[in-house]
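Chemist: sequence and predicted structure, then a few things I'm wondering about:
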Amino acid sequence: MNLSMQIDSIFLIESQYIKSLYPFSILHCGWELRLGTLKYYEQVQKMFPNVRLIFNAREKHLKSFLSKYEHSEQEIRKENILILNSSVLPETEFFKELDRKYSEYLKNPGFSKSALFTYRGIPLAALITAEDIINPGQFDNIFLPKLFSEFNRLLPNLEIEKPNIISYLWDTLDIVGKQIPATFDYFANFADFEQLKSIGVHLVEPDRIKIGKNCTIAPGAVLDASEGEIIISDNVKIMANAVIVGPCFIGEHSTVKIGAKIYENTAIGEWCKVGGEIENSIIHAYSNKQHEGFLGHSYISEWVNLGADTNTSDLKNTYGEISVKILNEQYPTGRMFLGLMCGDHTKSAINTSFTTGTIAGICGIIVADGFLPNYIPSFAWRGTKGCSYYKVEKAIETVRIVMKRRNKELTPEEEELIRDEFAEAIKNY
């Protein structure tokens, strides 16, 4: 992205309201959210390919993230640093707005060339120039994020127009349908559309479709991009008679099963198996919903398995506003449609029915006749009122078995987070 202000590194920090991303936030940092084709931090890196990313989050969560992903050196240097609150949606217009405001400020600068960008006085980003980096290292790593809270009056405040904010996990469901077309140019098409048509694949508006390398698309499949772009990543298998409606993204090595119905505003991560009916949902990597059943207006974290004929309700019969329970607090969502917000490593049995606006924690074994309550704690065994809990040693053993099937290993840092969550969850059983 071409901006007049020079940025050498971007310092991504979690919002102080990270609990609002529960249950995803149990094992993940805020900037690991999937927005569409990409996770938050991946999208920032795509937008600024020559800029170094630095991360700041809850200590154990940051260690877990850095243990799993390739990353640049994390030290603070004497360079121009853009601090970014990861609750702000990383859109081109947002960064251009920062650039315009900063350029105007430099015409009559105040006591510092560094500046804080605010909306209605709330800090959202800050540009710290190299000359203001006093003590590169541990001090600045601790001090810089506090510019947004304790020290926000130390810099000139530049008020910007309202950006798009991710306040709650379900806000991503409003974003995904816009983020897929916004990132369309990041992907290349490697498919021969004429060859696909010749074997009976139906392509509607193929100029809005991109298919990656080594993909297999069977006869009878329909890719309908008339309402939005469709992006199929590398090594994807789409089986016969599957229907995919854009905007939609299917991640690397994922499989779309026979007769699947994938509706608009849906993003499927890497190494997933999906089938049945899916609408306006985000599924992270290594999660499966491969049988019949409906998943709508839902956010599914990693390593989740939804059993055959699992269904989510995403609309009240009264058509009223949906409220959700996170831990011990109720939250009005302002939404008419909301399905399941599901944490990592949770599994549902066959014929499971999730009620409207359900929050389910991590490492659950969900088994129940009829509808479940709309809050299911971590490590729930059954999920119904008064249910027992999944012993942490057995849960971790199962996690290791499942991850090994994908040639992945549970890191010590991830295991510590799982054990920490168990220690909290067990207090409420």
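Modeler: Good, I have the coordinates.

Chemist: can you list the domain ranges for this structure.
Modeler: 9-167, 172-363 (automatic domain parsing).

Chemist: okay, how far is it across the shortest one, tip to tip?
Modeler: The reference is to domain 9-167. 25 Å (C-alpha to C-alpha, to the nearest Å).

Chemist: could you do stretch 83-99 as well?
Modeler: First-to-last distance for stretch 83-99 - C-alpha to C-alpha - comes to 14 Å.

Chemist: buried ones in that stretch?
Modeler: In terms of neighbour count (16 or more other C-beta atoms under 10 Å), stretch 83-99 has its buried residues at 83-91, 94-95, 97-99. (Each C-beta comes from the backbone N, C-alpha and C, glycine too.)

Chemist: just the ones of these in helices?
Modeler: 94-95, 97-99 (DSSP state H).

Chemist: shaky segments in this structure?
Modeler: By pLDDT under 70, the low-scoring segments of the chain are 134-142, 149-152, 385-386.

Chemist: for the stretch 201-350 of the chain, what spans make up the helices?
Modeler: All residues of the stretch 201-350 of the chain lie outside helices when identified by DSSP state H, counting those that start in this stretch.

Chemist: re the thing from before, looking at the ones in helices among the buried residues of stretch 83-99, which is nearest residue 384?
Modeler: residue 94 (43.8 Å; C-beta to C-beta).

Chemist: quick one: contacts for that closest one?
Modeler: Listed by C-beta atoms under 8 Å, 6 or more residues apart in numbering, the contact set of residue 94 reads 88, 163-164.

Chemist: look up how far residue 244 lies from it.
Modeler: Using C-beta to C-beta, to the nearest Å, residue 94 is found at 30 Å from residue 244.

Chemist: same question, residue 311
Modeler: For residue 311 relative to residue 244 (C-beta to C-beta), the value is 20 Å.

Chemist: between the two, which one's more packed in?
Modeler: Between residue 311 and residue 244, counted using other C-beta atoms under 10 Å, residue 244 has the larger neighbour count: 26 against 21.

Chemist: phi first, then psi, for residue 64.
Modeler: Note on residue 64: backbone dihedrals following degrees, to the nearest 10 are phi -60, psi -50.

Chemist: actually residue 157, not the one I wrote
Modeler: phi -100, psi 120.

Chemist: now swap in residue 145 and tell me
Modeler: Dihedral angles (degrees, to the nearest 10) for residue 145: phi -60, psi -30.

Chemist: so what's the residue count around it?
Modeler: Count around residue 145 with other C-beta under 10 Å applied: 21.

Chemist: surely it is in contact with residue 55?
Modeler: No. Between residue 145 and residue 55 there is no contact under C-beta atoms under 8 Å: 10.6 Å.

Chemist: now the common contact residues for these two.
Modeler: What both residue 145 and residue 55 touch, as defined by C-beta under 8 Å, 6+ apart, is the set 11, 13.

Chemist: tell me the SS of the closest residue in space to residue 210 that isn't next to it in sequence?
Modeler: Of all residues not flanking residue 210 in the chain, residue 189 sits nearest, at 4.3 Å (C-beta to C-beta, 6 or more residues apart in numbering). Following DSSP: H, G, I helix; E, B strand; the rest coil, residue 189 is assigned to coil.

Chemist: give me every residue that touches residue 189.
Modeler: Per C-beta under 8 Å, 6+ apart, neighbours of residue 189: 209-211.
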